[in-house]
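Asker: Pasted the sequence and its predicted model underneath.
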Amino acid sequence: GIDSVRLRAHASRSQVRVHAQSLRRLKHLRALDVDALDASARQQHPRRVRKHQEVVRLCEQKGQASVVLSNPRAALMQFPGNGVHPGHRLTVVASGVTQRLVVGVLVTASGNDKGQLEGAMQQTRRVLHAAGVPLPTRLQVAGDSGYWSEEDLRFAAQHHAWVDVLLNPGPATGPLANKPGMLPREAFELQHASRAVVCPAGRPMRGPVRNRFDRCDVYFGEGCPTCPSRPRCTQARRRTFTVRWEYESLLEAMRTRMRQPDAKARYRQRMATVEPVFASLQHDMGFHRLSSRHPPTIDAEVFLKLLAHNVSRLLSRSRLF
């Protein structure tokens with residue numbers, strides 16, 4: 001089983017820099033008439049521009065929405081019921097419904113689970129190989145809807161030879177997804193061979209028009225104004241439908257795997273495998289916040305806590321405890 005937990009970072013809020021805020025500040029600074037500023041403001045202007053340029057560079061280099069200047073492994077995160085603070089994401093791979101041994105660990109500054117599956121499983125594979133498990137051994141892992149993303153589904157498809165991935169489908173998204181009575185996305189027929197879309201009324205949709213920014217194809221409904229299904233299909237004059245064809249293929253491959261007889265029984269074991277690890281860390285050990293801000297000691301602190309968890313599990317399975 002794979003899942004993650006957020007841990008408070010050893011860092012001050014004053015050291016947090018946000019990508020979007022720096023972009024807005026840069027736009028404002030560049031729009032200023034520098035010659036109209038007083039001597040002090042004119043002297044500080046280049047320094048302020050460089051400061052925000054550096055924040056933008058760091059965020060884009062790391063692929064993060066924020067950075068923490070005093071802690072390179074942290075980022076701004078939303079903590080359940082406790083506001084927004086600098087934090088780390090601790091991704092854990094655990095094995096065994098009764099053993100619950102940690103076999104893989106990944107410490108990142110990601111704000112969510114998306115894209116974390118590959119790094120965690122590659123690290124798990126290296127750990128198991130060092131422990132004597134042959135590389136050709138096929139691993140099995142189950143993750144919740146937090147890993148239902150294009151990156152993680154692509155990893156599952158491309159590395160199917162050595163890891164069997166089970167992922168729970170994420171909830172429907174979009175402005176109409178949660179409105180009762182509206183037609184679901186599944187009501188549209190996607191014809192992968194011809195890359196065509198047929199609407200619920202049986203009419204081929206016009207398109208595609210390529211949206212290069214979102215890397216998707218956009219289709220438009222035909223005959224929407226007079227269609228009897230329109231009130232259940234769209235609130236606009238005509239229905240638009242976006243498709244990322246590779247993503248749709250990955251979705252269908254995972255849905256097919258989850259419909260196989262063994263998938264549901266195996267997936268139900270995920271929670272009993274990995275969730276107790278976080279209960280051990282946070283409830284039993286009180287591990288909610290790291291005490292270091294340097295990458296090597298951050299890893300050491302996390303590994304020692306997880307080592308203590310593994311030792312406690314081994315002792316509980318022996319007669320010594």
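Answerer: Received it, and whenever you're ready, just let me know what you need. Numbering: from 1, shown residues only.
Asker: quick one: low-confidence ranges for the stretch 1-150 of the chain?
Answerer: Of all residues in the stretch 1-150 of the chain, none has pLDDT under 70.
Asker: Do a quick rundown of the helices in it.
Answerer: 19-31, 39-62, 117-130, 150-158 (DSSP state H, counting those that start in this stretch).
Asker: How many residues are close by R50?
Answerer: Counted by other C-beta atoms under 10 Å, the residues lying close to R50 total 10. Placement of C-beta: from N, CA and C, glycine included.
Asker: L106 now?
Answerer: 22.
Asker: What distance do you get for it to R17?
Answerer: 24 Å (C-beta to C-beta, to the nearest Å).
Asker: what does F220 give?
Answerer: For F220, the distance to R17 - C-beta to C-beta - is 41 Å.
Asker: Skipping its backbone neighbours, what lies nearest the residue nearest in space to the middle of the chain in space?
Answerer: A centroid search over the chain (C-alpha atoms, centre = their mean) returns K114, at 1.6 Å, as the residue closest to the centre. Spatial nearest neighbour of K114, excluding adjacent residues (C-beta to C-beta, 6 or more residues apart in numbering): S149 at 3.9 Å.
Asker: I'd say that neighbour and G115 touch.
Answerer: Yes - applying C-beta atoms under 8 Å, one finds S149 in contact with G115, separated by 6.4 Å.
Asker: Between the two, which is the more surrounded one?
Answerer: Per other C-beta under 10 Å, whichever of S149 and G115 has more neighbours is S149, with 20 against 17.
Asker: The stretch 101-250 of the chain: strands as residue ranges?
Answerer: Taking DSSP state E, counting those that start in this stretch, the strands of the stretch 101-250 of the chain run over residues 101-108, 139-143, 163-167, 189-191, 196-198, 206-211, 216-220, 240-243.
Asker: I'd assumed F220 was in contact with R206.
Answerer: Yes - using C-beta under 8 Å, R206 is in contact with F220, at 4.7 Å.
Asker: between those two, which one's more packed in?
Answerer: F220 (16 against 13).
Asker: hey, what's that one bridged with?
Answerer: Using DSSP bridges, the beta-bridge partners of F220 come out as R206, T240.
Asker: right, and it touches A236 too?
Answerer: No - here F220 does not reach A236: they are 10.4 Å apart, not a contact under C-beta under 8 Å.
Asker: Quickly list what's touching both of those two.
Answerer: Common contacts of F220 and A236 (C-beta atoms under 8 Å, 6 or more residues apart in numbering): none found.
Asker: Can you tell me how far H88 is from V107?
Answerer: 6 Å.
Asker: The two: who's more crowded?
Answerer: H88 (26 against 20).
Asker: Bridging across strands, which residues link to the more buried one?
Answerer: Beta-bridge partners, per DSSP bridges, of H88: L7.
Asker: for the one 5 residues further on, same thing?
Answerer: Beta-bridge pairing of V93, defined through DSSP bridges, involves I2, G104.
Asker: ranges for the helices of the stretch 151-300 of the chain?
Answerer: Using DSSP H, counting those that start in this stretch, helices in the stretch 151-300 of the chain cover 230-233, 245-258, 261-267, 270-278, 295-316.
Asker: Tell me which of those helices is the most buried.
Answerer: helix 270-278 (a mean of 19; mean count of other C-beta atoms under 10 Å).
Asker: what's around G207, how many residues?
Answerer: Per other C-beta under 10 Å, the neighbour tally for G207 reads 18.
Asker: I'd assumed V198 was in contact with it.
Answerer: No - contact criterion C-beta under 8 Å: G207 and V198 do not qualify, at 11.8 Å.
Asker: Common neighbours of those two, please.
Answerer: Overlap of the contact sets of G207 and V198 (by C-beta under 8 Å, 6+ apart) is empty.
Asker: Need the distance between the two termini of stretch 247-267.
Answerer: End-to-end distance of stretch 247-267 (C-alpha to C-alpha, to the nearest Å): 22 Å.
Asker: With distance to R57 and mean pLDDT as extra columns, can I get the helices of the stretch 151-300 of the chain in CSV?
Answerer: Compiled in CSV, the helices of the stretch 151-300 of the chain are given as follows (distance: least, C-beta to C-beta, whole Å; pLDDT from 0 to 100):
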stretch, distance to R57, mean pLDDT
helix 230-233, 44, 91
helix 245-258, 30, 93
helix 261-267, 41, 91
helix 270-278, 34, 94
helix 295-316, 19, 94
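Asker: Select, out of those helices, the one closest to L166.
Answerer: Set against L166 and scored by C-beta to C-beta, these come closest in helix 261-267, at 5.0 Å.
Asker: just checking, what packs against that closest one?
Answerer: In terms of contacts (3 or more C-beta pairs under 8 Å, 6 or more residues apart in numbering; DSSP states H and E), helix 261-267 is packed against strand 139-143, strand 163-167, helix 245-258.
Asker: rerun at 7 Å
Answerer: The contact analysis (3 or more C-beta pairs under 7 Å, 6 or more residues apart in numbering; DSSP states H and E) places helix 261-267 against strand 139-143, strand 163-167.
Asker: Would you mind pulling the contact partners of it?
Answerer: When contacts are defined by C-beta atoms under 7 Å, 6 or more residues apart in numbering, helix 261-267 is touched by residues Q140, A142, L166, N168, R257.
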